[in-house]
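K.L.:
coords below, sequence missing:
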């Protein structure tokens, strides 16, 4: 094994255990058995190393698609691709959790732009796989079915990454394919909604929607806090926590540990948990 590969494997383990911000270059070098100076022979910075690990994960997602056998049917290829992506989510769960928690989506952020590029690449690949698997039958529904596929996979991956759910990737991939089969079979009763331009030019659609949803959730949280049947001094503490959360959400470099601590603090109240769970998904 090359020293660079050893460094990458060690870094992924340590980032997963300690988080990105609490891991130093000196620690990475020491764990790999090299000097701090030797680290820079392979990477210019900790950020470059972390970015390469993310790129490696996404490259692995495309490996099965690019290396698939000519003897595999198009529908089998789609099912295997789904299985592969879910399997990688299981395998790299701790690292992916670090990525999502320490680098929340913020417009203009380098990491956000990188993740958005990967998302678009995946979207295109999934659409191509769907079109190959179902042919002309989904000509008008291809974009809508792509969004439905993305939604199903996103939710299963969320359960795997954020809740460490142990599920059979084979069973899930078969279930998703069966669901798509049912939709395609009922296509005569379905009215297409999305066009190609809608699917791959969503930046202007997403930004105001996310902002509006967050504002609505924070408003609901304020009302819920004020309605709690608890002492006034405790309500005041919760109100301060909500205000601090709102301030942090608007900054590009919010401390993820402070955000997580505030969310956990508010979750102490059963009446607030539903709203906090929704906020947690959007912020992280």
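P.N.:
Arrived safely, thanks for sending. None of the values given here were measured: they were computed from a predicted structure.
K.L.:
when you work out contacts or count neighbours from here on, use the C-alpha atoms and nothing else.
P.N.:
Noted.
K.L.:
what's the closest non-adjacent residue to residue 82?
P.N.:
residue 173 (5.7 Å; Cα to Cα, 6 or more residues apart in numbering).
K.L.:
and if you look at residue 174?
P.N.:
The shortest distance from residue 174 to any non-neighbouring residue, by Cα to Cα, 6+ apart, is to residue 79 (6.8 Å).
K.L.:
again, but for residue 94
P.N.:
Excluding its sequence neighbours, the residue lying closest to residue 94 (Cα to Cα, 6+ apart) is residue 16, at 5.1 Å.
K.L.:
now the helix or strand harbouring the one you found: mean pLDDT?
P.N.:
Using DSSP states H and E, residue 16 maps to helix 3-18. Here helix 3-18 scores 95 as its mean pLDDT.
K.L.:
from now on call the first residue 43
P.N.:
I'll keep to 43 as the first residue from here, and by that count the last item is helix 45-60.
K.L.:
remind me what it packs against, helices and strands.
P.N.:
With contacts defined as 3 or more Cα pairs under 8 Å, 6 or more residues apart in numbering; DSSP states H and E, helix 45-60 has these neighbours: helix 67-74, helix 88-109, helix 135-144.
K.L.:
returning to that earlier point: you'd agree the residue nearest to residue 124 is up against residue 125?
P.N.:
Yes - here residue 215 reaches residue 125: they are 5.4 Å apart, a contact under Cα atoms under 8 Å.
K.L.:
output the lowest mean pLDDT helix or strand found in the chain.
P.N.:
Every helix and strand of the chain was ranked by mean pLDDT, DSSP states H and E. The lowest is helix 245-268, at a mean of 73.
K.L.:
past that helix, which element shows up next along the chain?
P.N.:
For helix 245-268, the following helix or strand on the C-terminal side (DSSP H and E) is helix 274-291.
K.L.:
neighbouring contacts of that following helix?
P.N.:
Where contact means Cα atoms under 8 Å, 6 or more residues apart in numbering, the residues beyond helix 274-291 that reach it are 260, 263, 264, 267, 268, 270, 296, 297, 301, 304, 308, 325.
K.L.:
export these as CSV, with columns for distance to residue 137 and neighbour count.
P.N.:
Shown next, in CSV, are the contacts of helix 274-291 (distance: Cα to Cα, whole Å; neighbours: other Cα atoms under 10 Å):
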residue, distance to residue 137, neighbour count
260, 29, 19
263, 31, 23
264, 33, 16
267, 34, 22
268, 38, 15
270, 37, 14
296, 20, 16
297, 18, 16
301, 19, 21
304, 23, 17
308, 26, 21
325, 18, 20
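K.L.:
closest to residue 194 among these?
P.N.:
Compare each of the contacts of helix 274-291 with residue 194 using Cα to Cα and the shortest gap goes to residue 325, at 20.5 Å.
K.L.:
hang on, the earlier thing: so which of the contacts of helix 274-291 comes closest to residue 231?
P.N.:
When these are ranked by distance to residue 231 (Cα to Cα), residue 325 comes first, at 37.3 Å.
K.L.:
give me the number of residues near the residue nearest to residue 216?
P.N.:
By the measure other Cα atoms under 10 Å, the count of residues near residue 121 is 22.
K.L.:
how's the protein carved up into domains?
P.N.:
Residue ranges for the domains of the chain, per automatic domain parsing: 45-86, 91-241, 245-325.
K.L.:
quick one: the first one to chain centroid distance?
P.N.:
The gap between the average C-alpha position of domain 45-86 and the chain average comes to 24 Å, counting by Cα atoms, centre = their mean, to the nearest Å.
K.L.:
how long is that domain end to end?
P.N.:
Taking Cα to Cα, to the nearest Å as the measure, domain 45-86 stretches 15 Å from start to finish.
K.L.:
tilt between the helix or strand containing residue 175 and helix 88-109?
P.N.:
Assigned by DSSP H and E, residue 175 falls within helix 152-176. For helix 152-176 against helix 88-109, the angle between stretch directions is 10 degrees (axes from the mean of the first three to the mean of the last three Cα atoms, to 10 degrees).
K.L.:
what residue, apart from its backbone neighbours, is nearest residue 52 spatially?
P.N.:
Distances taken as Cα to Cα, 6+ apart put residue 74 closest to residue 52, at 6.5 Å, once the chain neighbours are dropped.
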